[in-house]
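Chemist: sequence below, structure please.
(one chain, ligands or ions: 1)
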Amino acid sequence: MTPFITFEGIEGVGKSTLVQATAKHLAKANIRYCLTREPGGTPFAEQLRAVLLAHHDERILPATETLLMFAARAQHVANVIKPSLTAGVWVLSDRYTDASFAYQGAGRGVDMAVIEHLAGFSQAGCVPDLTFLLVAPVALALQRAKKRAVLDRFESEQLAFFERVQDHYLQRAALEPGRFCVIDATLRLSDVQAIAFDRMKSL
Ligand code: TMP
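Modeler: Below you'll find the model as predicted:
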């Protein structure tokens, strides 16, 4: 199967810029790719994304948020990720299951064993071959993220939440050094991209 690459990191680290640059890099090499994102990536999952990111008067329980993330993921895996990989198309996903462990598990305090179980239930064996994790001092990243005009439900969280999220991402990366490529997001954009493209040569 063709490579499945995911991009992770807290808000404001330049993740989406790296996703776009990676897509251009593949296009230049005449490689067929599918650029997608989570939560989202299918019409139904994009509707779940809108619900998940919006502010609500009613308190959204961590359990509800987790189940909706995985509901969106099940659609995304079955209708986009798996068919693309089977058809010989590379998949670039702006976030995937590592985000559920980091945000719902470490961030919201949902039992990691429950997340592990939901991952097995919804992923149909689709595990990334390579995961880029962009890291930066949390305060710096948030300063960048909070410049956005309207903050969504996640972007409105406090610094301590994102500290937990980034720490957990780093723990996961340390456990799976073969899959993760951790990149210092404070480097120049061209250096960030050079590190990423170099790592892709090993795929
Ligand atoms: P984005 O910032 O990459 O557009 O992602 C939207 C938000 O969704 C982001 O704040 C992280 C959050 N998220 C989770 O909390 N759990 C997940 O499993 C995923 C995929 C995203």
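Chemist: and the helices in the chain?
Modeler: Using DSSP state H, the helices assigned to the chain run over residues 15-28, 43-53, 62-76, 82-86, 97-99, 112-123, 138-145, 159-175, 189-200.
Chemist: buried deepest among these, which one?
Modeler: Highest mean neighbour count of the helices of the chain: helix 97-99, a mean of 25 (counted as mean count of other Cβ atoms under 10 Å). From N, CA and C alone the C-beta is placed, and that goes for glycine too.
Chemist: show me the contact partners of the helix or strand bottoming out on mean pLDDT in the chain.
Modeler: Counting by mean pLDDT, DSSP states H and E, the weakest-scoring helix or strand in the chain turns out to be helix 138-145, with a mean of 95. Applying Cβ atoms under 8 Å, 6 or more residues apart in numbering, the contact partners of helix 138-145 are 9-13, 151, 155, 159, 162-163, 166, 185-186.
Chemist: max pairwise distance over those: which two?
Modeler: Distance extremes for the contacts of helix 138-145: the farthest pair is Leu151 and Thr186 at 22.3 Å, using Cβ to Cβ.
Chemist: got the helices of the chain as JSON lines, with distance to Phe4 columns?
Modeler: Putting the helices of the chain into JSON lines (distance: least, Cβ to Cβ, whole Å) gives the following:
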{"stretch": "helix 15-28", "distance to Phe4": "13"}
{"stretch": "helix 43-53", "distance to Phe4": "17"}
{"stretch": "helix 62-76", "distance to Phe4": "12"}
{"stretch": "helix 82-86", "distance to Phe4": "6"}
{"stretch": "helix 97-99", "distance to Phe4": "11"}
{"stretch": "helix 112-123", "distance to Phe4": "11"}
{"stretch": "helix 138-145", "distance to Phe4": "25"}
{"stretch": "helix 159-175", "distance to Phe4": "16"}
{"stretch": "helix 189-200", "distance to Phe4": "12"}
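Chemist: what does this protein have sitting close to the ligand?
Modeler: Glu11, Glu38, Pro39, Met69, Asp94, Arg95, Ala99, Ser100, Tyr103, Gln104, Phe154 (Cβ under 6 Å from any ligand atom).
Chemist: next, the closest residue to the second one other than its chain neighbours: phi, psi?
Modeler: For Glu38, ignoring the flanking residues on the chain, the nearest one in space by Cβ to Cβ, 6 or more residues apart in numbering is Arg95 at 4.4 Å. With angles defined as degrees, to the nearest 10, Arg95 shows backbone torsions of phi 80, psi 150.
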